[in-house]
Every structure is written in C-alpha cells, then in structure tokens.
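Enquirer: Got a predicted structure plus its sequence, pasted below:
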Amino acid sequence: MPMIGRAFSLPSTDPQAVQQPSLCEVLLWIAGDTFHWLHNGHHRYPPAPGEESFTDMNIRHLRQFVGDRVKVFQFTKGQEGQNGADWEMWIHNRTHGVGLRIQAKKASKRKEYPFDYPVGKQNAYQCDLLVQHALAVGCVPVYLLYNHLDWEGGGEEEAARAGLLCGHVAGDGSHHGCTLLSAFRVQSEVGGKAGGRNVRHKVLRAESLPWNRVLCDRRSSANASSSRSSSKILSEVFTAVKGLTLVGMGLSPTYSSVPTPSDGTQGDAADARTPDGDGDDDIPAVLCGGPHRLPPHVLRLLDAHEAEPPAPPVPTVATVLVDVSDDRALTPPNWFEGGVRYR
C-alpha cells in the first residue's frame, strides 16, 4: 500500500480511529519528505526542485494535515513586498503567539546555500532586509534550510542537552530535511565576505536546528496528551526560538539554559527557560519576556477568509497561522485527499 512520507506512521483512516496529529509530527513528516525529494533530485532523478516548489508544497502540507488548526493566506507576487522573507508563520492561541519571518534556502548538490543573495536596487543583502522587516512587525527572523543530508553534533546536540529541543527524531536522519537558523547568524557570517566566497556553509548548517524539534507542541514525550495547555506550548516554543536567536546573535556561546521570569502575559510563561548571558537590554524587544500579544495584522487574518484574504499590510507571499488554543474544536483530517504518495 502506498504511504505518505517516511518520517512517521500515519494513523488509521477509519474516522472513529483517526487522531489529530501534533504540529511536531507534521513538521517531522514535511522535513522527511523534503529530505528525500531533494536528495533524489540531486543524486537520482535530477534536476532538484527549486526553493519555491518546496515552500509551496510544504505550506500545502501544513494546510492539509493539521486541518482546523491552520489557516493559510497566500498572496500574489504583486502583493508581496521586498522584505527579504518568503513567508511568515505564527504559532498562537488567538491572543498571544510566537511569530517567525522565514527565508527558505535550498542546499545545492555541493551542500551550499545562497546566503549572500543581494536584493535588487536596494544594494543590500537579503539577510539584512529579513532582520529589519521581521523585527518591525514583531517576528523573529530565521532561515529555513532545505537539506539532503543528516549530521551529528554541533548546535543540535548542545541545544538538546540544554532542553531546548524535543526528542522527536527520524531513524534515517531525515528530520534534518528542514532546519532553522537564526538570520542574525547568517548576517554576521555574510557581512564583510567578498561575494560570499568565504561563507562557512558547513558551520552554518551544523548550527541549524530541526524545525519540528524547535516548534514542537508535545515536548514531554512522543505520546504527550493533546490537552497540553496552549500557554505551556507557546512558552516552550518561545524559549527554543529565543535560544536559537541568542546563539545566532553571539549573546550566548552555547545553548545552555536557566529559568527566566515571566512578563505576566501568560499563565505558564514563568516556566520558560532561556540561555545564559542574555540581558533584555541587549536583545530585540520581540525576544523579551514570554510570548507576545498578536499584532494587528495577525488579528485581522484570524477573522479573514482564506480564499479572500485582505490586502496584506505586512507583505509576504504567505502567512501560516497555527492555532494551539485550549478550546479549539478538533476535526479529523482527510489524510489522503490530494496527498503526495510514493512507495
């Protein structure tokens, strides 16, 4: 029987037996699909798909498999502004959330990425615009790397020891298919490099973290209850994203962690943990405290219809809203409708 993906086993299609997958499971599956698709494109069935193909398909998978938990707004190229981002993703509970402004980069066959991409007539690197515009709208700027090899050690190992990563992995290493890297880290590496010739791609790749393990909504165990509170989920995601960013900014030499006080916006935010060595005076406001109140442009989208989204005041190609609210209704997904199948 054909299966969808390789990163995790799908539940039964019997409506009485189907359970909603966790966000972590879906991101893990997407990473595995990306990993194998890109590897095959480079080594077995060239050419490899482009970055936009991966992004479009991965956003489609998010919309399909997480069901009622996700709203996706895709805008036309004409609506997109030049902000250095491919898309925006919010994990929220309808009042507070963690926002990521994302630029995707595909690994070449030589395992390199176009990090030093210049932007039009603005005479700026894409990473500079990504950081600038992300912070202006309350998002954390990150790179999403599409990879076709797995690795051990580096930033992932340190982050796991510090408790900033969940334990969900794929046996074949394909959870490395989609990894997150702080845009501040790319900015520091690209700055001053002549034409990017000296950018250390291997170092940057090793410092990136699997996106499912950063954005995991069930950290306690693979079988954690879906009743886990939204404030707890958001606190843990915020902590992991903050740790990734502070290391990228050079404000923390490793992914070590200590408790940090809450900003009072969330009931469980006091449980958040952040790396050593960060003073809130030294970091962007988006990283202070715990999960922040949703900005106006996200609140507008919560009430909008996906098929007819309002004109984006904050231009992106796509905005993905992942709802982890405690009281949201659950609708079992239709796993096989329009799915990607292969043996």
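Expert: Received, thanks. Residues are numbered from 1 along each chain as shown.
Enquirer: which regions of the stretch 101-250 of the chain lie under the pLDDT threshold?
Expert: For the stretch 101-250 of the chain, residues meeting the criterion pLDDT under 70 lie at 120-122, 192-197, 220-227.
Enquirer: residue boundaries of the strands in it?
Expert: 118-119, 124-125, 140-146, 178-182, 209-210 (DSSP state E, counting those that start in this stretch).
Enquirer: which other residues reach the first one?
Expert: To tie it back to what came earlier, the one meant is strand 118-119. Gln82, Gly84, Ala124, Tyr125, Gln126, Leu129 (Cβ atoms under 8 Å, 6 or more residues apart in numbering). The way it works is simple: take the backbone N, C-alpha and C, and place the C-beta from them, glycine included.
Enquirer: same thing but at 7 Å, please
Expert: For strand 118-119, contacts defined as Cβ atoms under 7 Å, 6 or more residues apart in numbering pick out Gln82, Gly84, Tyr125, Gln126, Leu129.
Enquirer: ditto for stretch 144-155
Expert: For stretch 144-155, the surrounding residues in contact (Cβ under 7 Å, 6+ apart) are 34-35, 38-39, 42, 51, 54, 102, 104-107, 111, 113, 173-174, 176-181, 205-209, 211, 247, 255.
Enquirer: One more pass at 6 Å, please.
Expert: Applying Cβ atoms under 6 Å, 6 or more residues apart in numbering, the contact partners of stretch 144-155 are 34, 38-39, 42, 54, 102, 104-107, 173, 176-177, 179, 206-208.
Enquirer: picking that back up, single out the most deeply packed of the strands of the stretch 101-250 of the chain.
Expert: Across the strands of the stretch 101-250 of the chain, the average number of neighbours (mean count of other Cβ atoms under 10 Å) peaks for strand 209-210, which reaches a mean of 30.
Enquirer: For that one, which helices and strands make contact with it?
Expert: In terms of contacts (3 or more Cβ pairs under 6 Å, 6 or more residues apart in numbering; DSSP states H and E), strand 209-210 is packed against strand 178-182.
Enquirer: repeat that with 10 Å
Expert: For strand 209-210, the packing partners by 3 or more Cβ pairs under 10 Å, 6 or more residues apart in numbering; DSSP states H and E come out as helix 23-43, helix 154-161, strand 178-182, helix 230-249.
Enquirer: So for Arg218, which of the ones you listed sits nearest?
Expert: Arg218 lies closest to helix 23-43 among the helices and strands packed on strand 209-210, at 5.6 Å (Cβ to Cβ).
Enquirer: Show me what the closest one is packed up against.
Expert: helix 51-65, strand 96-106, strand 140-146, strand 178-182, strand 209-210, helix 211-214, strand 318-323.
Enquirer: can you list these in TSV and add distance to Glu157?
Expert: Compiled in TSV, these are given as follows (distance: least, Cβ to Cβ, whole Å):
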stretch	distance to Glu157
helix 51-65	25
strand 96-106	22
strand 140-146	17
strand 178-182	13
strand 209-210	10
helix 211-214	12
strand 318-323	27
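Enquirer: which one of the ones you listed lies closest to Leu234?
Expert: The stretch from those with the least distance to Leu234 (Cβ to Cβ) is strand 96-106; that distance is 6.1 Å.
Enquirer: what angle sits between the closest one and strand 140-146?
Expert: If you take axes from the mean of the first three to the mean of the last three Cα atoms, to 10 degrees, strand 96-106 sits at 40 degrees to strand 140-146.
Enquirer: so how far is strand 96-106 from its chain's centroid?
Expert: The chain centre lies 5 Å from the centre of strand 96-106; the measure is Cα atoms, centre = their mean, to the nearest Å.
Enquirer: Determine which of the helices and strands packed on helix 23-43 approaches Pro312 most closely.
Expert: Proximity to Pro312 (Cβ to Cβ) singles out strand 318-323 among the helices and strands packed on helix 23-43, at 7.4 Å.
Enquirer: then the closest one to PDB, C-alphas only?
Expert: Only the C-alpha atoms of strand 318-323 are listed here, as PDB (Å, rounded to 0.1, in the frame of the first residue of the first chain):
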ATOM      1  CA  ALA A 318       2.200  33.500   2.600                       C
ATOM      2  CA  THR A 319       1.100  33.700   6.200                       C
ATOM      3  CA  VAL A 320       0.500  30.500   8.100                       C
ATOM      4  CA  LEU A 321      -1.400  30.700  11.400                       C
ATOM      5  CA  VAL A 322      -1.200  27.600  13.700                       C
ATOM      6  CA  ASP A 323      -3.800  27.600  16.400                       C
END
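Enquirer: That strand - contacts with which helices or strands?
Expert: Packing contacts for strand 318-323, counted by 3+ Cβ pairs under 10 Å, 6+ apart, involve helix 23-43, helix 51-65, strand 70-74, strand 87-92, strand 96-106, helix 230-249, helix 296-302.
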